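S.K.: Any chance you can model this:
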Amino acid sequence: MTAIKHALQRDIFTPNDERLLGIVNVCKAGKKKKNCFLCATVTTERPVQVKVVKVKKSDKGDFYKRQQTWELRDLTEVDAKDASKENPEFDLHFEKVYRWVASSTAEKNSFISCIWKLNQRYLRKKVEFVNVSSQLLEESVPSGESQSVAGGDEDALDEYQELSTREEQDIESMMVTCEYAISNAEAFAEKLFKELQVLDGANIQSIMASEKQVNILMQLLDEALGEVDTIEGKLSSYEEMLQSVKEQMDQISQSNRLIQISNTNNGKLLDEIQFLVNYMDLSKGHIRALQEGDLTSPKGIEACINASEALLQCMNVALRPGHEKLMAVNQQQLLFAELRDTFARRLTNHLNNVFVHQFNHFSHFKMTIPQFYRSSCLSLPGHDQSSTLSQHTAELTLPKHSPLHRDLLRYAKLMEWLKNTHREKYEGLSRTYVEYMSKLYEREIKEFFEVAKIKMAGTSKDPKGKFATLPRKESALKQETESLHGSSGKLTGSTSSLNKLTVQGSNSRRSQSSSLLDMGNMSASDLDVADRTKFDKIFEQVLSELEPLCLAEQDFISKFFKLQQHLTVAPPLAQPEAEDFDGSLPSKKPPQAEHKHSLSSEKDIVRLMMNKIFQSIETELNSLIALGDKIDSFHSLYMLVKMSHHVWTAENVDPASYLSTTLGNVLVTVKRNFDKCISNQIRQMEEFKISKKSKVGILPFVTGFEEFAELAETIFRNAERRGDLDKAYVKLIRAVFMNVEKVANESQKTPRDVVMMENFHHIFSTLSRLKISCLDAERREAKHKYTDHLQSYVINSLGQPLEKLNHFFEGVEARVAQGVREEEVSYQLAFNKQELRKVIKEYPGKEVKKGLDNLYKKVDKHLCEEESLLQVVWHSMQDEFIRQYKHFEDLIGRCYPGSGITMEFTIQDMLEYFSSIAQSH
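M.R.: Numbers count the residues shown, from 1 in each chain. Predicted structure coming up:
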């Protein structure tokens, strides 16, 4: 093993500046025995690196090669497997576990001991040694841990020392002088030992010869010790002197420290005094403004605002610990509280007086328009209300409160101060404002809506509420549509030019529409579209007046009462409403406690104040809507479009505003009236009865649907609530389809196919002209029904002119279907050539023309003039007749070949018959 260790050091580790300290011959556990060496090495250069190297003997020659290297610092655990028994197996835990079997237990123990020493000396890392005998580690360092680190490892490391070049040269020169240095090593060693003894004797004699010099040296040392004692005495005296100086310096230092503390305390005291003077001192001008300031003039208000802000800053200053114990601070706080209460009382009284003055001003100087109307009606005997209205028109407007708002907004900053300092008085002012303004607005809004109702009632010609049918004139509707498209772009669903329309139409037309009395729920007299236009303008004027009024008031409340979006306390109303939240009236709590118990956002407070002020708007609007619906249920279309637009506009401004919420609630009522109008129309369709003595023609509710759709398309063009109209369309058209079929089944004078054909043709034409996208499926269905019933009517009618010929060829086709060959049909007794000629002779051209003429008259009698379908039906009959003629000729050619039998008339003759009959009528 020593020779191998020497060879490994020379060939592998010396070229890499490494020293080999430990080696063990191993093989991998559990595999084919392939021996290799694990070597523990250190580098010769600093910093020292400790490694474990796996060395393997080459298969091609007698030399070794490095196969794998691990840093010792990566080693985490050494497992010797068994500490009590001899076991050559052991594990090294690097990045993974390597299992080895040593050639002997002694080599394994020696290698583990070397690893332990290297770890202790170079890495200071406590690698965990498992199943290793403690005796083995103690033997490695017999003198203890520290000694093992300092000396034991050094011995192990110096076990092998390589000779230097100089040493090798000296040994070689010495061996050259001795002939037997190599052949007789013992004699050479003996010679060297004798020479060493001679040199030791010479050294001893040299030492003994230098005794005199040693004595002289000892004498000098004694003299030096005496000088040292002298210097030590002087140093002691110096030390005593320095000690007294130190005490004096300590006293000076203590005095300086006390002076510094005093200066620091004086500086801090000055800072505290300056803090109190700067932040808790209110100027005399501010005190005078708070006590006597003028709250009417702009300069006085500005002075009061500045003084109140200064007072608030003084009151809200964050006092430092201990300030509250100072008498001056307590006096200032009492002064501030007194000034706050005094100014809050003055401000509250002044604003209360402003509210009362403004309310009395608006109430005293305003003469209402309805009173003017009523006084005019009473003062003009012999005139009814409508004539009085025509003579005394008045503007439908609401009074503006912008002057009041402008005057009060001067106090907005003072209201914010009052809100932050005196919550109770702030809430009291809020309740006072709401109370007075609710009374004022209630009176104004009531009078405003009374005027609107008087104007609206003036649109009805019949005071008893019996209303006429919807006029139908396409040119007038076209004019209305053009005027709507030429408007300024503001969507009002308007009928701004409907006043150009007049009630026109013949008596027959009016009689056909009379069954729509309850469907449209409109006047049975001379109510024209201009009346609806007037209603539309009145309703739009009402909404246009209410919208800016509510927005201006809400904006004023937000600015004046400083109500923003952040959370705050319950609303400052006249508080029965507050009881709804917590069951008790608001108590006087500090602002911090109030914020902890915040119940709603200030945005909700604004809405609640608006509800209190404008509590009558929703009721009045619902009353106005009910009146409009009573006058004409079709007004719900106008109101739905108008109200939807205003709700959409309000939601874009503020979705949670009072105006948006109120108009949204009213919109529900309008939508309910609209649905009721549609339901009434459907009910009237279901209750419709036809006359048994006259032909049916176009059903009234079919034309009524056309008129409704034309009007609705005009009103709802580009409207926000188009979806509601589309749903109504679907309900109405399905009801029309169902009731057309019902009437067709009940019809006795007019054939069912004619009723279906004419009415569905009218429906198809209407839907194609109006291009209502949501009814495309119904338009296709109407066309399909019209086509099917047209074909059915043509086929059923054409069986009459050539009845016997039809029966004869039906029999021929029946025989062929039973299996008789076509060329053998002529041998059948009932269908021979003589029978065919006999049947054909019964239908000469003259008779056919006569039959067609009678058919034309009958068709003309069945069809109505309004749809102009006679020529369409006649042309379809011509095509069907020609088709049957060709079919008969084909059967004759196949079943009676070579017989020379032909019809008494040709296709050209038939075309002339049909043409001459159509022209003659």
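S.K.: From residue 891, how far off is residue 877?
M.R.: Per CB to CB, to the nearest Å, residue 877 is found 21 Å from residue 891. The C-beta positions use only the backbone N, C-alpha and C, and glycine is treated the same way.
S.K.: Among the two, which residue is more densely surrounded?
M.R.: Neighbour count, other CB atoms under 10 Å: between residue 877 and residue 891, residue 877 has more, with 21 against 18.
S.K.: quick one, phi/psi of the more buried one?
M.R.: Main-chain dihedrals, residue 877, degrees, to the nearest 10: phi -70, psi -40.
S.K.: And for residue 55?
M.R.: Dihedral angles of residue 55 (phi, psi; degrees, to the nearest 10) stand at phi -120, psi 140.
S.K.: Enumerate every residue touching it.
M.R.: By CB atoms under 8 Å, 6 or more residues apart in numbering, the contact list for residue 55 reads 8, 12, 36, 37, 38, 39, 64, 65, 66, 67.
S.K.: Can you select the buried ones from those in PyMOL?
M.R.: Applying 16 or more other CB atoms under 10 Å to those, the buried members can be selected in PyMOL as follows:
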select buried, resi 8+12+36+37+38+39+64
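S.K.: Next step: the contacts of residue 55 restricted to strands.
M.R.: Among the contacts of residue 55, the members falling in strands (DSSP state E) are 36, 37, 38, 39, 64, 65, 66, 67.
S.K.: which stretches of the stretch 251-400 of the chain have low pLDDT?
M.R.: Along the stretch 251-400 of the chain, segments meeting pLDDT under 70 span 362-394.
S.K.: Quick one: list the elements packing against the helix or strand hosting residue 652.
M.R.: Assessed by DSSP states H and E, residue 652 sits inside helix 635-653. In terms of contacts (3 or more CB pairs under 8 Å, 6 or more residues apart in numbering; DSSP states H and E), helix 635-653 is packed against helix 529-560, helix 617-631, helix 658-686, helix 700-716.
S.K.: chain center to the helix or strand that residue 217 is a member of, what's the gap?
M.R.: Using DSSP H and E, residue 217 falls within helix 211-279. The chain centroid and the centroid of helix 211-279 are separated by 77 Å under CA atoms, centre = their mean, to the nearest Å.
S.K.: who wins for proximity to residue 804 among the helices and strands packed on helix 635-653?
M.R.: Ranking those by proximity to residue 804 (CB to CB) places helix 700-716 first, at 39.7 Å.
S.K.: what element comes up after the closest one heading to the C-terminus?
M.R.: Criterion used, DSSP H and E; the element after helix 700-716 is helix 722-746.
S.K.: Would you mind getting the angle between that following helix and helix 700-716?
M.R.: Helix 722-746 and helix 700-716 meet at an angle of 170 degrees, taking axes from the mean of the first three to the mean of the last three CA atoms, to 10 degrees as the criterion.
S.K.: Could you list every helix and strand that the following helix or strand past helix 722-746 packs against?
M.R.: In the C-terminal direction, the helix or strand that comes right after helix 722-746 (DSSP H and E) is helix 752-770. Packing partners of helix 752-770 (3+ CB pairs under 8 Å, 6+ apart): helix 700-716, helix 722-746, helix 776-798.
S.K.: For the second one, the averaged confidence score.
M.R.: Per-residue confidence for helix 722-746 averages out to 87 on the pLDDT scale.
S.K.: related to what we said a few turns ago, now flag whichever of the ones in strands among the contacts of residue 55 is closest to residue 97.
M.R.: Nearest to residue 97, judged by CB to CB, of the ones in strands among the contacts of residue 55 is residue 38 at 14.6 Å.
S.K.: What is the burial count for residue 280?
M.R.: Neighbour count of residue 280, defined by other CB under 10 Å: 20.
S.K.: Check residue 773 too.
M.R.: By other CB under 10 Å, 9 other residues sit near residue 773.
S.K.: Tell me what angle the helix holding residue 652 forms with helix 529-560.
M.R.: Counting by the same axes, to 10 degrees, helix 635-653 lies at 20 degrees to helix 529-560.
S.K.: what is the mean pLDDT for helix 635-653?
M.R.: Mean pLDDT, helix 635-653: 83.
S.K.: buried ones in it?
M.R.: For helix 635-653, burial by neighbour count (16+ other CB under 10 Å) applies to 635-651.
S.K.: before we move on, what about stretch 5-19?
M.R.: 5, 8, 9, 12, 13, 18, 19.
S.K.: Residues touching that stretch, excluding its own?
M.R.: So stretch 5-19 is in contact with 20, 23, 37, 39, 41-45, 51, 53, 55, 63-66, 157, 160, 162, going by CB under 8 Å, 6+ apart.
S.K.: Could you list every helix and strand in contact with the helix or strand that contains residue 356?
M.R.: Assigned by DSSP H and E, residue 356 falls within helix 327-365. With contacts taken as 3+ CB pairs under 8 Å, 6+ apart, helix 327-365 sits against helix 284-292, helix 298-315, helix 402-408, helix 412-421, helix 423-457.
S.K.: how about the ones you listed in CSV, adding distance to residue 823 and mean neighbour count?
M.R.: Putting the helices and strands packed on helix 327-365 into CSV (distance: least, CB to CB, whole Å; neighbours: other CB atoms under 10 Å) gives the following:
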stretch, distance to residue 823, mean neighbour count
helix 284-292, 128, 16
helix 298-315, 120, 17
helix 402-408, 104, 14
helix 412-421, 111, 20
helix 423-457, 86, 19
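S.K.: Which of those helices sits closest to residue 605?
M.R.: Between residue 605 and the helices and strands packed on helix 327-365, the shortest separation by CB to CB is 8.8 Å, and it involves helix 423-457.
S.K.: Output the contacting helices and strands for the closest one.
M.R.: In terms of contacts (3+ CB pairs under 8 Å, 6+ apart), helix 423-457 is packed against helix 327-365, helix 369-379, helix 385-391, helix 412-421, helix 529-560, helix 602-613, helix 617-631.
S.K.: Please convert those helices to JSON lines, extending it with distance to residue 452.
M.R.: JSON lines is the format used below for these (distance: least, CB to CB, whole Å):
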{"stretch": "helix 327-365", "distance to residue 452": "20"}
{"stretch": "helix 369-379", "distance to residue 452": "10"}
{"stretch": "helix 385-391", "distance to residue 452": "12"}
{"stretch": "helix 412-421", "distance to residue 452": "34"}
{"stretch": "helix 529-560", "distance to residue 452": "5"}
{"stretch": "helix 602-613", "distance to residue 452": "20"}
{"stretch": "helix 617-631", "distance to residue 452": "6"}
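S.K.: Those helices: which one's closest to residue 108?
M.R.: Using CB to CB, the nearest of these to residue 108 is helix 602-613, at 85.4 Å.
S.K.: now for that closest one, which elements pack on it?
M.R.: helix 423-457, helix 529-560, strand 567-568, helix 658-686.
S.K.: lowest-confidence stretch among those?
M.R.: strand 567-568 (a mean of 39).
S.K.: Hmm, residue 347 is touching residue 300, no?
M.R.: No. With contact defined as CB atoms under 8 Å, residue 347 does not reach residue 300; the gap is 11.9 Å.
S.K.: Identify the residues contacting residue 413.
M.R.: Applying CB under 8 Å, 6+ apart, one finds that residue 413 lies in contact with 305, 308, 309.
S.K.: Could you report the distance from the second one to residue 331?
M.R.: It stands for residue 308. Using CB to CB, residue 308 is found at 21 Å from residue 331.
S.K.: same question, the last one
M.R.: To residue 331, residue 309 is 22 Å away according to CB to CB.
S.K.: Redo the helices and strands packed on helix 327-365 as a markdown table? Include distance to residue 260.
M.R.: Output for those, formatted as a markdown table (distance: least, CB to CB, whole Å):
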| stretch | distance to residue 260 |
| --- | --- |
| helix 284-292 | 40 |
| helix 298-315 | 35 |
| helix 402-408 | 61 |
| helix 412-421 | 44 |
| helix 423-457 | 50 |
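S.K.: closest one to residue 545 among those?
M.R.: Comparing those against residue 545 with CB to CB, the closest turns out to be helix 423-457 (7.0 Å).
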